[in-house]
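**Student:** A structural model of the following input is requested.
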Amino acid sequence: MATIYDVAALAGVSPATVSRVFNGRTVSDDRAQRVRDAAASLSFTPNRTARTLRRQSSEVIALIIPDIQNPFFTALARGVEDRAQSSGYSVVLCNTDDDPVKEARYLQIAISENMAGVVLVPASDSSDLSIMVGQGRPVVTVDRTTAFDVDHVMIDNRPAGASVTGSLFDAGYTRIACIAGPESVVTAIERAGGWRETVESRGAYDADPYLKIANHRVDGGRAAMAELLDLPDAPDAVVATNNLMGVGALQVLNERGLTPPAFGVGVIGGLPFTTLSPGLITLVHLPTHDLGTTAVSMLVSRIDGATEPARTVVLPGVLTAATTAATRDAD
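**Tutor:** Purely as a prediction, here's the structure:
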């Protein structure tokens, strides 16, 4: 059976270079190709068990997300998997349904299975990471924060809420409501905070009746939109602070004959499914794939021994205003 030394000799490199190639570390393209060619010709397969023992962890990382059916998290998972594979790691996907009990179970499994680290979208701001921190196992939180001092990558949420609301005001809408996620999720609080700040600075109405809390899913968006339309002074526009709630709001508006631009709609995140032209809706596009790749890069640096204080990376959304909103008065 061929060894790492056989591969190194055939490729004309050191055994350390062969190790770096198979561990996903940075090696020049020429040397990496020579190593791969030599390994193929010798039918060499890395001894992953021995590597795990040397590193005291496996070559597997866990991605723990709250809703596998939400396309936002699907795109995030793709970014995580892309960067993990290029760094020599495999990914195990876990779905919590925003349940802290399920989340705690998955974190325990990550420890018991000796996984190298965890990329986590916390179920709530009170998620307990003590088992990871106590064991010195790397964890990076994404999109939502916790009270633990760990690396974090997030969207610039408050400006996202403010920009989409301001765009609707600029388009001529005067009473803009907001459908936000649960108050236990910091993302929801911050996006709704951006909406509120803009309403209070530019709108001549009390914001409180026009903020509805929902469950981050289509049915939550539907229920909240129906409540808003039944208000004595109904809004003429709405901001949904995530994609699935936006879909639910659009479904109800369509049922009541209030599709854009007759009724303004802003959504933070890309709409996963709608029959409307994207140009009718104001969107804040989120760098979801980049969230995933950035999180894994941060995680791998910790696995490799980085010891600097906890880091936070903030990625901005990109606003796309509805191109036909200005025609609403003529319809």
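**Student:** which residues in the stretch 151-300 of the chain form strands?
**Tutor:** Assigned by DSSP state E, counting those that start in this stretch, the stretch 151-300 of the chain shows strands spanning 151-155, 176-180, 211-213, 237-240, 264-268, 282-285.
**Student:** now the ones you listed as a markdown table including mean pLDDT and distance to residue 110?
**Tutor:** C-betas here are computed from N, CA, C, even on glycine. Putting the strands of the stretch 151-300 of the chain into a markdown table (pLDDT from 0 to 100; distance: least, C-beta to C-beta, whole Å) gives the following:
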| stretch | mean pLDDT | distance to residue 110 |
| --- | --- | --- |
| strand 151-155 | 96 | 16 |
| strand 176-180 | 98 | 31 |
| strand 211-213 | 97 | 31 |
| strand 237-240 | 98 | 33 |
| strand 264-268 | 96 | 30 |
| strand 282-285 | 94 | 31 |
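**Student:** need those in TSV (columns: distance to residue 5 and mean neighbour count).
**Tutor:** Output for those, formatted as TSV (distance: least, C-beta to C-beta, whole Å; neighbours: other C-beta atoms under 10 Å):
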stretch	distance to residue 5	mean neighbour count
strand 151-155	37	23
strand 176-180	60	29
strand 211-213	62	18
strand 237-240	59	31
strand 264-268	54	29
strand 282-285	50	24
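**Student:** of all the ones you listed, which lies closest to residue 115?
**Tutor:** Proximity to residue 115 (C-beta to C-beta) singles out strand 151-155 among the strands of the stretch 151-300 of the chain, at 16.3 Å.
**Student:** residues making contact with the closest one?
**Tutor:** The contact list for strand 151-155 (C-beta atoms under 8 Å, 6 or more residues apart in numbering) reads 138-145, 187, 286-287, 291, 294-295, 298-299, 302, 310-317.
**Student:** and what of stretch 132-146?
**Tutor:** Here stretch 132-146 has contacts from 57, 76, 107, 110-111, 115-122, 124-127, 129, 148-155, 185-187, 291-292, 295-296, 298-299, 302-303, using C-beta under 8 Å, 6+ apart.
**Student:** if we use 6 Å, what do you get?
**Tutor:** 107, 111, 117-122, 127, 129, 148, 150-154, 185-187, 291, 295, 298-299, 302-303 (C-beta atoms under 6 Å, 6 or more residues apart in numbering).
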